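J.: I need the structure of the sequence given here:
(one chain, ligands or ions: 1)
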Amino acid sequence: MLELLFLLLPLAFLSGWQTAKKRYTRAQSQKRQLSDNLVKGINFLLDEQPDKALEVFLSHPEIDEYTAETYLLLGNMFRNRGEVDRALRVHQNLISRPSLAKEQKVAAMLAYGEDFFAAGMLDRAEGVFNELIKNNSGDMQACGTLRSIYEQLQDWDKAIEVSLCAEKQTGTDHSRIIAHYYCELAEQEFDKGNIHLVEEYIKSAQKSHKKSNRVLVLQGDLESRKNKPGAALKYYQKAVNNDSRLVGLLDKKLIEATRQLGDIENLCDFLKKLLGKTEDQKILEYWAGLTLRYGQDKHPAEALEEEVKKYPSTRALLDLIKLWKLNQESALSLQRLDLLEQVLEQHLKTQTEFQCHHCGYKMNDFLWRCPACHHWDTVA
Ligand SMILES: [Zn+2]
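T.: Residues are numbered from 1 along each chain as shown. A predicted model of the protein is given here:
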């Protein structure tokens, strides 16, 4: 019996070796075929025949980790070129492959959701990202895009929910953005006149981000609504003191509150001190405008001239010209100043007031979130 076993041993070895060889040969042949298909597909792409390329890529039954990566990139390339239909076909095909590793499946799902997002099919994108988050708790990228979707839909409650979930799962800090969401809710209720809810949302925003300047602005608005200009002014001044770019948003509110208090000189002093502290050209422009309109300084033109020398600004120069004109009696000089004024006014008409310092997008109104790059707190 033992002899028979010894005789069978080489046979078993031979059979095993042959099976392994067959498998290896098959795998090699598949790899070669995959590689051939890849080259064929890429050639079609280079010939600007994307549909033929898709046919080659998608009709192949087998896929390995390398080709999966290529498919992913291919789909992303289609999306970046604005060909979202093709991107969706590639990523959908990839997701349906049972042989896909978990990591690649997640990447394909993310890409699939991004395709829907790019196509503006927000509900479909939301569905994909929610499923991703459910199955891969706290997937950062899915949370990020889902937040963008809710921001776009202005569904601030859900935006808060997904941000809190992401914070809990990944430990990343979204407190500043969450405070903005609460402020958005507060503004919505402000417009409806639900002051009690406004106060609730302001509290939540403050709890989320204690240093939020937007909260200060809202608190000022609330005091102003209650006919308390003194309290409103304090909040507005605190906000501008913390962040001088807010003067563009608050200048009218600052003037209105100060005017109600009958103390415009106080605002001029405040802006002048702030100018010294920040050396911000914009502060000079608002101060110059105020000086021109209210002329509190004994010699407003001389005072403004000094500042314009220090912080050259076209808008402030225009106000200075207007001040010079007030004290000018010579007809010729007045004519020349008129000309200068007209040229500067024409030039300033082509300039926008605000710009996003992240993407450079220009706009006429101050916004807390840039409409182009969707970043918060980047408009100045
Ligand atoms: Zn931007």
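J.: CA only for contacts and neighbour counts going forward, please
T.: Fine.
J.: against Tyr236, how distant is whichever residue of the stretch 51-200 of the chain sits closest to the ion?
T.: Using Cα to the ion, the closest approach of the stretch 51-200 of the chain to the ion is made by Ser148 at 14.0 Å. As judged by Cα to Cα, to the nearest Å, Ser148 and Tyr236 stand 29 Å apart.
J.: and the closest residue to Arg79 other than its chain neighbours, how many residues sit next to it?
T.: Of all residues beyond its chain neighbours, the one nearest Arg79 is Ala87 (5.4 Å), with distances taken as Cα to Cα, 6 or more residues apart in numbering. Ala87 has 28 neighbouring residues, counting by other Cα atoms under 10 Å.
J.: try Gln237
T.: Gln237 has 23 neighbouring residues, counting by other Cα under 10 Å.
J.: so which strand or helix has it?
T.: Gln237 belongs to helix 229-242 when assigned by DSSP states H and E.
J.: got the contact list for that helix?
T.: Outside helix 229-242, the residues within contact range by Cα atoms under 8 Å, 6 or more residues apart in numbering are 213-214, 216-217, 219-224, 246-247, 250, 253-254, 257-258, 260-261, 274.
J.: list the buried residues in it.
T.: Within helix 229-242, the residues scored as buried using 16 or more other Cα atoms under 10 Å are Pro229, Ala231, Ala232, Leu233, Lys234, Tyr235, Tyr236, Gln237, Lys238, Ala239, Val240, Asn241.
J.: tell me the buried residues within the contacts of helix 229-242.
T.: Buried subset of the contacts of helix 229-242 (neighbour count, 16+ other Cα under 10 Å): 213-214, 216-217, 219-224, 246-247, 250, 253-254, 257-258, 274.
J.: returning to that earlier point: spatially, which two of the buried residues of helix 229-242 are the most separated?
T.: Pro229 and Asn241 (17.7 Å; Cα to Cα).
J.: now do stretch 204-215: distance from first to last residue.
T.: Note: stretch 204-215 ends 10 Å apart using Cα to Cα.
J.: so which elements touch the strand or helix carrying Tyr201?
T.: Element membership of Tyr201 [criterion: DSSP H and E] is helix 195-208. Applying 3 or more Cα pairs under 8 Å, 6 or more residues apart in numbering; DSSP states H and E, we find helix 195-208 packed against helix 175-192, helix 213-225.
J.: check the secondary structure at Leu367 for me.
T.: The three-state assignment at Leu367 reads coil, by DSSP: H, G, I helix; E, B strand; the rest coil.
J.: which residues sit against stretch 103-111?
T.: Taking contacts as Cα under 8 Å, 6+ apart, the residues outside stretch 103-111 that touch it are 65, 68-69, 72, 75-76, 91-92, 94-95, 128-129, 132, 141-142.
J.: I misspoke; the intended subject was stretch 83-100.
T.: Contact with stretch 83-100 is made by 54, 58, 63-65, 68, 71-72, 74-79, 105, 108-109, 111-112, 115-116, 118-119, as judged by Cα under 8 Å, 6+ apart.
J.: using CSV, list the CA coordinates for the helix holding Gln237.
T.: Output in CSV follows, covering the C-alpha atoms of helix 229-242 (Å, rounded to 0.1, in the frame of the first residue of the first chain):
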residue,chain,number,x,y,z
PRO,A,229,-28.8,101.6,17.3
GLY,A,230,-26.2,101.9,20.1
ALA,A,231,-26.1,98.2,20.7
ALA,A,232,-26.2,97.5,17.0
LEU,A,233,-23.3,99.8,16.4
LYS,A,234,-21.2,98.0,19.0
TYR,A,235,-21.7,94.7,17.3
TYR,A,236,-21.0,96.1,13.8
GLN,A,237,-17.8,97.9,15.0
LYS,A,238,-16.6,94.7,16.8
ALA,A,239,-17.1,92.7,13.5
VAL,A,240,-15.3,95.3,11.4
ASN,A,241,-12.5,95.5,14.0
ASN,A,242,-12.1,91.7,13.9
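J.: what angle sits between it and helix 213-225?
T.: 160 degrees (axes from the mean of the first three to the mean of the last three Cα atoms, to 10 degrees).
J.: what's the spacing between helix 229-242 and its chain's center?
T.: Distance of helix 229-242 from the chain centroid (Cα atoms, centre = their mean, to the nearest Å) equals 27 Å.
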